[in-house]
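Asker: just a sequence and a predicted model for now, questions to come.
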Amino acid sequence: MLTRVVDVLAGVALTAVEVAALVAFWFCESLKLWAAQGQQPRLGSAVRLWLVLTAGPAGAALVGLLAFRVGLPATGLTQALITAALVGILLLGLGTETSRWVTRSFARHLGKRRNAHSGRDAHGHGHGHGHDTDGRDSGKDGSDG
């Protein structure tokens with residue numbers, strides 16, 4: 001009876017600490033983003049997020065495995081659930097970042113192909129054909145007189 005009470009209390013306490021740590025981390029990162037006032041966040045913020053979302057599930061899985069070995073199945077189960085939730089968040093985040101990267105890469109590639117085929121450089125400027133970027137005649141025909 002005492003073992004079950006300790007098991008449930010340990011599971012609840014560990015889960016509460018992990019959730020509180022994750023909320024505190026997100027709060028601190030949000031404050032940093034707010035302090036930047038809409039500017040690009042530092043590169044380290046994404047690295048810290050991925051580190052938390054990989055180290056968190058790894059630590060929870062290790063604690064869950066040790067809890068099962070010690071004979072605390074409820075604690076092991078709660079740690080397994082926390083691990084599954086964090087891995088799910090990690091996979092969703094990685095999927096989102098991957099789709100953004102593919103979209104940016106495709107847009108860059110498509111933009112380079114369009115510029116190469118239209119005779120314009122990367123900034124959308126023509127190559128001295130006497131026309132401005134809108135195709136209207138600029139009055140310059142390339143002669144000096």
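Answerer: Nice, thanks for sending it over.

Asker: helices along the chain, start to end?
Answerer: With DSSP state H as the criterion, the chain has helices at 2-35, 43-70, 73-118.

Asker: taking helix 2-35 as reference, get the angle to the last one.
Answerer: Read that as helix 73-118. Calculated by axes from the mean of the first three to the mean of the last three Cα atoms, to 10 degrees, helix 73-118 forms an angle of 30 degrees with helix 2-35.

Asker: rewinding a little: a markdown table for the helices of the chain, including mean pLDDT and mean neighbour count?
Answerer: Heads up, the C-betas are built off the backbone N, CA and C, glycines and all. Below are the helices of the chain laid out as a markdown table (pLDDT from 0 to 100; neighbours: other Cβ atoms under 10 Å):
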| stretch | mean pLDDT | mean neighbour count |
| --- | --- | --- |
| helix 2-35 | 87 | 13 |
| helix 43-70 | 84 | 15 |
| helix 73-118 | 85 | 14 |
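
Asker: now stretch 71-82: how far from the chain's centre is it?
Answerer: For stretch 71-82, the separation from the chain centroid amounts to 28 Å (computed by Cα atoms, centre = their mean, to the nearest Å).

Asker: likewise for stretch 90-101?
Answerer: The chain centre lies 6 Å from the centre of stretch 90-101; the measure is Cα atoms, centre = their mean.

Asker: export stretch 30-49 as PDB, just CAs?
Answerer: Taking Å, rounded to 0.1, in the frame of the first residue of the first chain, the C-alpha atoms of stretch 30-49 are listed here in PDB:
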ATOM      1  CA  SER A  30       8.800  34.400 -25.100                       C
ATOM      2  CA  LEU A  31      10.100  37.200 -22.900                       C
ATOM      3  CA  LYS A  32      13.300  37.300 -25.000                       C
ATOM      4  CA  LEU A  33      11.300  37.400 -28.200                       C
ATOM      5  CA  TRP A  34       9.100  40.200 -26.700                       C
ATOM      6  CA  ALA A  35      12.100  42.200 -25.600                       C
ATOM      7  CA  ALA A  36      13.500  42.000 -29.200                       C
ATOM      8  CA  GLN A  37      10.200  43.700 -30.200                       C
ATOM      9  CA  GLY A  38       9.500  41.800 -33.400                       C
ATOM     10  CA  GLN A  39      13.100  41.600 -34.600                       C
ATOM     11  CA  GLN A  40      14.600  38.300 -35.700                       C
ATOM     12  CA  PRO A  41      15.200  36.200 -32.600                       C
ATOM     13  CA  ARG A  42      18.700  35.100 -31.900                       C
ATOM     14  CA  LEU A  43      19.900  32.000 -33.600                       C
ATOM     15  CA  GLY A  44      20.500  30.300 -30.200                       C
ATOM     16  CA  SER A  45      16.800  30.300 -29.300                       C
ATOM     17  CA  ALA A  46      16.000  27.600 -31.900                       C
ATOM     18  CA  VAL A  47      19.000  25.600 -30.800                       C
ATOM     19  CA  ARG A  48      17.900  25.900 -27.100                       C
ATOM     20  CA  LEU A  49      14.400  24.800 -28.000                       C
END
